[in-house]
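Asker: Sequence first, predicted model second:
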Amino acid sequence: MTRIAVAILMLAWTGAASADLYRWVDPETGSVKFSSYPPPWYGDAQQERRAPKVQVIPSGQPASAAEPVAPEESAAARPAAEAGGKPAAPAASALEDRRKALARQLSDGIAALLAAPPGEGARPFADLSQKASEYRALESSLQATDPAGQGARRAEWNELAAGLEGRRRLLLQQISAKRSPGAGAMPQELQSEWRAVGQRLEALGWMDNALKLFDPRGDSTREAQQRSLTEQLVQEWKPVLEASQGRAQ
């Protein structure tokens, strides 16, 4: 039982970060779609010829670092053509309104990810990743039309990252302070506490994935913290699990 239990703990740590993401462009809306599961046509050569191209984002790679898939511009977002057939640039105010709406959606997406039940973090993370991609694309346009507002926009983006990082630090402290039951703990209590540890590590993994979208430069530090924490938990739980195994025999 000991080896299996330790493996479960390690999987709980790495599971959220090890799943590949799939990205493609919805031909009807022009929006970029993310999913932790491949779309129905993926892997079917005949269907793939008529379906949108699917890009696989390998595990551990932030969506922002993957090769971008250029979405087709939707009819709602396509500006009216100027005289002579030249497309008109969207007004800076319209872009800023869209940016503010996306910022609110990002905030809601972070809240949804934090509130996701155990084992159900893939969908809110995919939604958050898509919104972050749309936000960055819009920010690129705003840098050209409203360069003076770049500082304020960057501060708002950093504020979202800071809120998520604050929740991550709190969870990290809670996991670090959690102690295993004593060697004489009942098996049911041991299993319940063990599941709780795995669930918290899974939540930490999704937070780290989300923070890659906002602060990829801090990824190596977060990975080191997570690795150190996992080693600490394995060392602490191993004798308790071994004792439980001995009583079961």
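Answerer: Noted; the coordinates are in hand.
Asker: Give me the packing partners of the longest helix along the chain, helices and strands only.
Answerer: Criterion DSSP state H: the longest helix present in the chain is helix 219-248. Contacts of helix 219-248 with other secondary structure elements, assessed using 3 or more CB pairs under 8 Å, 6 or more residues apart in numbering; DSSP states H and E, are made with helix 2-18, helix 150-177, helix 187-214. C-beta coordinates here come from the backbone N, C-alpha and C atoms, glycine included.
Asker: Looking at those, which is nearest to Gln130?
Answerer: In this view, the helices and strands packed on helix 219-248 are compared for proximity to Gln130 by CB to CB, and helix 187-214 is the closest at 10.1 Å.
Asker: angle of that closest one against helix 150-177?
Answerer: Helix 187-214 and helix 150-177 meet at an angle of 160 degrees, taking axes from the mean of the first three to the mean of the last three CA atoms, to 10 degrees as the criterion.
Asker: name the helices or strands packed onto helix 187-214?
Answerer: Secondary elements touching helix 187-214 (3+ CB pairs under 8 Å, 6+ apart): helix 2-18, helix 92-114, helix 122-145, helix 150-177, helix 219-248.
Asker: Could you report the separation of Arg99 from Leu113?
Answerer: As judged by CB to CB, to the nearest Å, Arg99 and Leu113 stand 21 Å apart.
Asker: So between these two, which is more surrounded?
Answerer: For Arg99 versus Leu113, neighbours defined as other CB atoms under 10 Å are more numerous around Leu113 (23 against 20).
Asker: Need the pLDDT of that one.
Answerer: The predicted structure scores Leu113 at 94 on the pLDDT scale.
Asker: C-alpha coordinates for stretch 197-211, CSV please?
Answerer: Presented in CSV, the C-alpha positions along stretch 197-211 are these (Å, rounded to 0.1, in the frame of the first residue of the first chain):
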residue,chain,number,x,y,z
VAL,A,197,-3.5,16.3,0.9
GLY,A,198,-3.8,15.2,-2.7
GLN,A,199,-6.7,17.5,-3.3
ARG,A,200,-4.8,20.5,-2.0
LEU,A,201,-1.7,19.6,-4.1
GLU,A,202,-3.9,19.3,-7.2
ALA,A,203,-5.4,22.8,-6.5
LEU,A,204,-1.8,24.1,-6.1
GLY,A,205,-0.9,22.6,-9.5
TRP,A,206,-3.8,24.4,-11.2
MET,A,207,-2.9,27.7,-9.5
ASP,A,208,0.7,27.3,-10.8
ASN,A,209,-0.6,26.6,-14.3
ALA,A,210,-2.8,29.7,-14.2
LEU,A,211,0.1,31.8,-12.9
